[in-house]
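**Q** need a structure here:
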Amino acid sequence: MEKNTLKHQLKEKLKKEHVKHVFSLAFKWVRKNLFKVLFVLALIAFFINRNGNGQEAYEFFEVKRGAVTQQVFVSGNVEPIESVDLAFEVSGRVKEVVRDVSEPAERGEALVTLELGELAGELSQAQAGVDLEVARLNQFSGAVATEQARLDELRRGTRPEEISLAQTNFDNADVELENAERNLESVKSKTEADLNEDYSSALTTANSASQVAKNAILTITEIQQKYHSNYDFEALPIRNAKKVAVKALFDVPNVELNTLQFVSQLSGGVYSEVKTLTVDDDGEAIIASLKELLEAVKLTKLAVDSIPLKTEYTDAEDTEIATTKTDLNTEISSISSSIDAIEVQKKANDTAVITAESDLAKAENTKSAAEDELKLKKAGSTPEEIRAQEGRVATELANLSAQRAQVRQAQGNLENVQAKIAKRTLVAPISGVVTKQDAKVGEIISPNVVLVSVITETNYEIEANVPEVDIAKVNVGNEAMMVLDAYGPEEFFPARVVEIEPADTIVDGVPSYKVTFEFTEDDEKLRPGLTADITVETARKENVLKIPVRTVKREDGETFVRLLKDMEGKTPLIERRLIQTGLLGGDGMIEVLSGLDEGERIIIE
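**A** The predicted structure follows:
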């Protein structure tokens, strides 16, 4: 209701001023010198209203009740409540421009960033340093807890239930040791059996392979005697290859063109050796024989491969040669697989035995520790043990304290690097809109040069200088109405007083005080820099006696008005009535506290 009344009064006043005050400078001077203006107007009215005979014509005002509103009129410019200019503290190359001119910026949001360069590596190193020192701190903290628990236990002494628990732990450890011993024996037995099985399989394969190799040499001899018994170029490779194979298999030298009967009776060498081996023989000897046999079979295969293809061979002979080659390849693969299987089994056996032996060693250590613990529980603690444990606790506490210092040092180093990195980012300290953005990606910038400016986007204020004659009337919280030149006198913007500076400022030779007004409603029409005329409602009284201020006279310290009492002819009787005034309104009316009654008529001069 009061806001609507204020709007109506302001609207009427602006209309009258638009007609009466042609020159804006005169209008502002009048506002600052209200009493002088009223006095001059009264004199002008006095002389205008004189009649031709020198007699005065009177105009009257009837005392009435109503509202008196005290107002102060000032002007100012719209400004954002907050505005900041931002610059880097360090030099560097621009990496990213996040917000450009006219774009919104949230408080805490990055606006421009610089390249980190070596700082990225320093950050990783500093963080790793903190992590390392914290891990060490946890270790020291755990050590302190362990040693303190041990000290508390020594001071408390051994309880029967602790001895019982220690006895149980010892018994369990003894059982675990027995289990570990049995497990080791079982593992050794199983690994031996598994390896013997592989040896047995390998020896079976060796016997078969040695016989296949001998049969292959017999086949070579048969073909050799029938088709290649001379010394031509086809016979020589066969003789040489056969000689090498026979030497490898039977350890018999220079067997080249011997008869089939002679060859069939050959023995010795690895051929006979593998037939005499058993699983009880040394494993390394078995492996050596298998490898030697593998080499002999491969040489036998080469000897068969040396037989040339001839059309003179019968179909049966061609088939026998092909079959011999296939059988030799099969035996080569079987011997290789047997050797590999033995090697794999030996490694698996070693791993199983080592694991079982390790479990046995752990069980022995556990039993020993449990036995020592049981003895200690039964014996109890001595003063010397307590003092020694106190010393260990003190040592661990000192280590912990020193490590805490190391953590603080590492954290300080990390914070130092983070602070350097933070200086490479311009962050918006307020929410608003960017009004200046001079940074360019890739540009080298210098420190302390303003690159970005940000103002609040919706919250605006007006600073106005109130003359000392009016400042006593203005208080924080007073309501005000703004008229912006850009939008004309018909549009009003509500505001209120939020701050009054205590110190004066000389403006145009007049002591004035800076008063800050804040708009009470957000309005998208508000822009920084707009000129505003401000009407401040500083006081208001309802239903009081009021009269025009121009009817009030002051002489010799008395305040009075003139009333027309009676008319006798042309000579009026005028009464000089003393009154007490109160609130002076902005519309030219003033409150009457005493001396007049409602309905009385006073002279307007």
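**Q** Reduced to three states, what does Arg107 come out as?
**A** coil (DSSP: H, G, I helix; E, B strand; the rest coil).
**Q** tell me the contacts of it?
**A** Arg107 sits next to 428-431 when contact means C-beta atoms under 8 Å, 6 or more residues apart in numbering. C-beta coordinates here come from the backbone N, C-alpha and C atoms, glycine included.
**Q** switch the cut-off to 6 Å
**A** Arg107 sits next to 428, 430-431 when contact means C-beta atoms under 6 Å, 6 or more residues apart in numbering.
**Q** where's it relative to Leu374, distance?
**A** 67 Å (C-beta to C-beta, to the nearest Å).
**Q** returning to that earlier point: which among the contacts of Arg107 gets closest to Glu343?
**A** For the contacts of Arg107, the residue nearest Glu343 by C-beta to C-beta is Ala428; the value is 71.4 Å.
**Q** Let me see the contact set for the closest one.
**A** By C-beta under 6 Å, 6+ apart, the neighbours of Ala428 are 105, 107, 109, 111, 454.
**Q** can you pull out the helices in the stretch 151-300 of the chain?
**A** Per DSSP state H, counting those that start in this stretch, the stretch 151-300 of the chain carries helices over the ranges 160-227, 235-250, 260-264, 269-276, 283-305.
**Q** got CSV for these, with mean pLDDT too?
**A** Listed next are those as CSV, based on pLDDT from 0 to 100:
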stretch, mean pLDDT
helix 160-227, 91
helix 235-250, 90
helix 260-264, 85
helix 269-276, 91
helix 283-305, 93
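**Q** For the ones you listed, give me TSV that also has distance to Arg136 and mean neighbour count.
**A** Shown next, in TSV, are the helices of the stretch 151-300 of the chain (distance: least, C-beta to C-beta, whole Å; neighbours: other C-beta atoms under 10 Å):
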stretch	distance to Arg136	mean neighbour count
helix 160-227	31	17
helix 235-250	65	20
helix 260-264	79	13
helix 269-276	63	18
helix 283-305	50	19
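**Q** Reformat these as a markdown table; add distance to Thr319.
**A** Below are these laid out as a markdown table (distance: least, C-beta to C-beta, whole Å):
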| stretch | distance to Thr319 |
| --- | --- |
| helix 160-227 | 11 |
| helix 235-250 | 19 |
| helix 260-264 | 19 |
| helix 269-276 | 25 |
| helix 283-305 | 13 |
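**Q** Asp315: which of the ones you listed is closest?
**A** Of all the helices of the stretch 151-300 of the chain, helix 160-227 sits nearest to Asp315, with 13.8 Å by C-beta to C-beta.
**Q** Next, the angle helix 283-305 makes with the closest one.
**A** 30 degrees (axes from the mean of the first three to the mean of the last three C-alpha atoms, to 10 degrees).
**Q** same for helix 160-227, what does it pack against?
**A** helix 235-250, helix 260-264, helix 269-276, helix 283-305, helix 315-379 (3 or more C-beta pairs under 6 Å, 6 or more residues apart in numbering; DSSP states H and E).
**Q** Adding distance to Ala202 as columns, could you present those in JSON lines?
**A** Below are those laid out as JSON lines (distance: least, C-beta to C-beta, whole Å):
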{"stretch": "helix 235-250", "distance to Ala202": "18"}
{"stretch": "helix 260-264", "distance to Ala202": "27"}
{"stretch": "helix 269-276", "distance to Ala202": "9"}
{"stretch": "helix 283-305", "distance to Ala202": "6"}
{"stretch": "helix 315-379", "distance to Ala202": "4"}
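**Q** Select, out of those, the one closest to Thr520.
**A** That would be helix 315-379 among the helices and strands packed on helix 160-227, by C-beta to C-beta, at 79.7 Å.
**Q** what about Lys461, neighbour count?
**A** One correction, residue 461 is Glu, not Lys. A count of neighbours around Glu461, defined by other C-beta atoms under 10 Å, yields 18.
**Q** Show me the beta-bridge partners of it.
**A** Glu79, Glu518 (DSSP bridges).
**Q** mind checking how far the most centrally placed residue in the chain is from Glu162?
**A** In the chain, the residue lying closest to the centroid (C-alpha atoms, centre = their mean) is Gln418, at 12.7 Å. As defined by C-beta to C-beta, Gln418 lies at a distance of 51 Å from Glu162.
**Q** Let me see the residues that make contact with stretch 214-234.
**A** Under C-beta under 6 Å, 6+ apart, the answer for stretch 214-234 is 235, 238, 242, 260, 263, 300, 303-304, 307-308, 320, 324, 328.
**Q** Can you tell me the element Gln403 falls in?
**A** Assigned by DSSP states H and E, Gln403 falls within helix 383-422.
**Q** go on, Ala480?
**A** Under the criterion of DSSP H and E, Ala480 resides in strand 479-484.
**Q** For that strand, which helices and strands make contact with it?
**A** Applying 3+ C-beta pairs under 6 Å, 6+ apart, one finds that strand 479-484 contacts strand 493-507, strand 531-548.
**Q** Pick the most deeply packed of these.
**A** Mean neighbours per residue, mean count of other C-beta atoms under 10 Å, is largest over those for strand 531-548, with a mean of 19.
**Q** Okay, now the unreliable bits of this structure?
**A** The model of the chain has pLDDT under 70 over residues 1-57, 457-458, 566-572.
**Q** if I look at the nearest residue to Glu373 once chain neighbours are set aside, how far off is Ala369?
**A** Among residues not flanking Glu373 along the chain, Ala166 sits closest, at 5.1 Å (C-beta to C-beta, 6 or more residues apart in numbering). For Ala166, the distance to Ala369 equals 11 Å [C-beta to C-beta].
**Q** Pull up the overlap in contacts between these two.
**A** With C-beta under 6 Å, 6+ apart, Ala166 and Ala369 have no common neighbours.
**Q** ok so, going back, nearest spatial neighbour of the residue nearest to the centre of the chain, skipping sequence neighbours?
**A** Closest to Gln418 by C-beta to C-beta, 6+ apart is Leu123, at 7.1 Å.
**Q** Next: Glu499.
**A** Thr516 (4.0 Å).
**Q** Enumerate every residue touching the one you found.
**A** 461, 463, 498-499.
**Q** Could you do Leu526 as well?
**A** Per C-beta under 6 Å, 6+ apart, neighbours of Leu526: 78, 460.
**Q** On the three-state scheme, it is what?
**A** Assigned with three-state DSSP, Leu526 falls in the coil class.
**Q** Looking at the contacts of stretch 214-234, which two lie furthest apart in space?
**A** Largest pairwise distance in the contacts of stretch 214-234, by C-beta to C-beta, is 21.3 Å, between Ala235 and Leu328.
**Q** doesn't Glu371 make contact with Asn169?
**A** No - judged on C-beta atoms under 6 Å, Asn169 makes no contact with Glu371 at a distance of 9.5 Å.
**Q** Arrange the contacts of Thr516 in JSON lines, one row each, with distance to Thr559 as further columns.
**A** Output for these, formatted as JSON lines (distance: C-beta to C-beta, whole Å):
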{"residue": "Glu461", "distance to Thr559": "39"}
{"residue": "Glu463", "distance to Thr559": "36"}
{"residue": "Val498", "distance to Thr559": "36"}
{"residue": "Glu499", "distance to Thr559": "35"}
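**Q** burial measure for Val476, as a count.
**A** 11.
**Q** Can you classify it as helix, strand or coil?
**A** Note that with three-state DSSP, the state of Val476 is coil.
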